[in-house]
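Need a 3D model of the sequence below.
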Amino acid sequence: MEGARSRPWSDLQPELLGLVIKGLPSLADCVRLRAVCHPWRSNSILQPPPLPFPWITLPDGTFLSIPAGEIHCLPVPADACCQSSIDNWLFLVHSDGVCSLMNIFSKATLELPELAKVWKREIGRQFLNRFPEPVSYRLAVPPALDSSPNPLVVTVIIDSFNCGTLCISHPPTVTYSFRGGKESLPHLSGVAFLDGKLYTLSDCWKLLALEFCKGFVECGGKLLMVERFIDPVASRTNGREVFDERAKTVAFGVLEADLHSKPARWRVASDLGGHALFLGKHSSKSLPAQECSGSQEDCIYFMCDYPPPESSANPLRDAGIYNIRNSTITPLHPRTTVVPPCHAGQWRPTWFFPPGAV
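Predicted structure coming up:
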């Protein structure tokens, strides 16, 4: 009896190929699969892969892919420094102080030339001699920037006095701004859109809602406030908290806003509704875990983004996956514990979401 003859891999059924694509952990693996043969490339177009796992920006301006551990270099203006991100857009501050948003894949750019000027004007109303410095930028947009012909960008600028200034822009113009902590306005620490409303979070956990026509994060139609607990191996130098290299995240607390009560109340959340939450000081985003390659349901993904930029050369030093259901923490990237020192720089570590198609 003649032995069974094996069929070539190019004859793999599209249904099976689809299962393989769904299990691929990174965007690079999807590209390699499409390059195997023409039938695989043709059939993979009919089997759209899940969204790739987000990358992490490194301080030197490169990007680290998880879990492959590959470092990518993408074209960014030489005089620009990434301070935050939203989806696959980078929030850049240029050497002359001008801010912009840039999609490094489509090359689209939204100029925000007035942002720094407006922030300084708001600061000047309170301080005459001693000015704070911007520490972090937190962004929110109602629809995706790529699909909006007239985008709205909301920026909360947190300064070294731990106070937030909110700026609402229709690029390139800032149409509205106010600084928290003055008069009757609370200190602002976060911002998010939900159902056509812009919600801001104060440092006393109070929600303010602003109506629009069209770490604090939206997750599966809910507003969450996430508190990160770090083992306090820290000291204060010149009024600034300095973290020891032994500092380590030990737990998270997750609260959900009850928007039906007046005023809105917070209640403990026991799950994330099947979502994966990518939490960061400079950018946060949630996705259904089934739609994001390699992610797990009801888990919070975090990195080391709490030291100042000059000591944050390794975002993986205190990075992991927190399971909200059983309160366990596992490493974000077991195979890579140290980012090479050559990647030190002034970029802020943040989540970056590459597009699903190449």
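
contacts and neighbour counts: CA atoms only from here.
Fine.

Strands of the stretch 1-150 of the chain, residue ranges please.
For the stretch 1-150 of the chain, strands defined by DSSP state E, counting those that start in this stretch occupy the ranges 55-57, 63-64, 71-72, 80-86, 89-94, 99-103, 109-112, 134-140.

Tell me which other helices or strands the second one touches.
So that's strand 63-64. Packing partners of strand 63-64 (3 or more CA pairs under 8 Å, 6 or more residues apart in numbering; DSSP states H and E): strand 55-57, strand 71-72.

strands paired with that strand, and their directions?
Here strand 63-64 is paired, per DSSP bridges, with strand 55-57 (antiparallel), strand 71-72 (antiparallel).

now the fifth one
Strand 89-94 has the following strand partners under DSSP bridges: strand 80-86 (antiparallel), strand 99-103 (antiparallel).

ok, Trp89 touching Met102?
Yes: using CA atoms under 8 Å, Trp89 makes contact with Met102 at a distance of 5.2 Å.

which residues does Pro171 contact?
Pro171 makes contact with 110-112, 151-153, according to CA atoms under 8 Å, 6 or more residues apart in numbering.

Out of the strands paired with strand 63-64, which gets nearest to Leu46?
Closest approach to Leu46 among the strands paired with strand 63-64 (CA to CA): strand 55-57, 25.3 Å.

Give me the contacts around the closest one.
63-66, 347-354.

pLDDT score for the residue nearest to Tyr306 when sequence neighbours are not counted?
Nearest residue to Tyr306, sequence neighbours excluded (CA to CA, 6 or more residues apart in numbering): Lys281, at 7.1 Å. Looking at Lys281, its pLDDT is 87.

and if you look at Ile104?
pLDDT, read off for Ile104, is 89.

Provide a list of residues in contact with it.
By CA under 8 Å, 6+ apart, the contact list for Ile104 reads 74-76, 88-90.

roughly how far apart are it and Leu58?
Ile104 sits 15 Å away from Leu58, going by CA to CA, to the nearest Å.

repeat for Thr249
20 Å.

of these two, who's got more company?
Leu58 (26 against 18; other CA atoms under 10 Å).

Spatially nearest residue to Ala80 (excluding sequence neighbours)?
His94 (4.2 Å).

With distance to Val191 as new columns, can the contacts of strand 55-57 be given to me in TSV?
Converted to TSV, those look like this (distance: CA to CA, whole Å):
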residue	distance to Val191
Phe63	25
Leu64	26
Ser65	27
Ile66	27
Trp347	22
Arg348	19
Pro349	19
Thr350	16
Trp351	17
Phe352	18
Phe353	19
Pro354	23
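
ok, of these, which one's closest to Ser44?
Closest to Ser44, out of all of those and judged by CA to CA, is Pro354, at 18.4 Å.

Count the residues that sit near the closest one.
20.

Begin at 439 from now on, thanks
Got it, the first residue is 439 from now on, which makes the last one we talked about Pro792.

from memory it sits against Pro488, does it?
No: using CA under 8 Å, Pro792 is not in contact with Pro488, being 11.7 Å away.

Gly658 versus the residue nearest to Tyr744, what's the distance?
To Gly658, Lys719 is 20 Å away according to CA to CA.

Name the residue in the two with the higher neighbour count.
Shown here are Lys719 and Gly658; by other CA under 10 Å, Lys719 has more neighbours (21 against 16).

I'd guessed the more buried one sits against Phe654; true?
No: under the criterion of CA under 8 Å, Lys719 is not in contact with Phe654, lying 9.8 Å apart.

what's the burial count for Phe543?
Neighbour tally, Phe543, other CA under 10 Å: 13.

what are the phi and psi values for it?
Per-residue torsions, Phe543: phi -90, psi -50 (degrees, to the nearest 10).

ok, now which ones touch the residue lying closest to Thr611 once chain neighbours are set aside?
Nearest residue to Thr611, sequence neighbours excluded (CA to CA, 6+ apart): Glu552, at 6.5 Å. For Glu552, the contact set (CA under 8 Å, 6+ apart) comprises 536, 610-612.

Which of those residues fall in strands?
Judged by DSSP state E, those include 611-612 as members of strands.

Any chance of CSV for the contacts of Glu552, columns pLDDT and neighbour count?
Shown next, in CSV, are those (pLDDT from 0 to 100; neighbours: other CA atoms under 10 Å):
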residue, pLDDT, neighbour count
Val536, 90, 16
Pro610, 85, 15
Thr611, 88, 13
Val612, 86, 19
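
Same list (the contacts of Glu552) but as CSV, adding distance to Cys742.
Below are the contacts of Glu552 laid out as CSV (distance: CA to CA, whole Å):
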residue, distance to Cys742
Val536, 27
Pro610, 32
Thr611, 34
Val612, 32
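
Among the contacts of Glu552, which one lies nearest to Arg763?
Using CA to CA, Val612 is the member of the contacts of Glu552 that lies nearest Arg763, at 41.8 Å.

May I ask you to confirm that the closest one is in contact with Ile606?
Yes: the pair Val612 / Ile606 is scored as a contact, 5.8 Å apart, by CA under 8 Å.

mind putting the strands of the stretch 439-588 of the chain in a markdown table, mean neighbour count and distance to Arg763 included?
Converted to a markdown table, the strands of the stretch 439-588 of the chain look like this (neighbours: other CA atoms under 10 Å; distance: least, CA to CA, whole Å):
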| stretch | mean neighbour count | distance to Arg763 |
| --- | --- | --- |
| strand 493-495 | 23 | 25 |
| strand 501-502 | 22 | 28 |
| strand 509-510 | 15 | 32 |
| strand 518-524 | 24 | 27 |
| strand 527-532 | 22 | 31 |
| strand 537-541 | 22 | 35 |
| strand 547-550 | 18 | 40 |
| strand 572-578 | 21 | 28 |
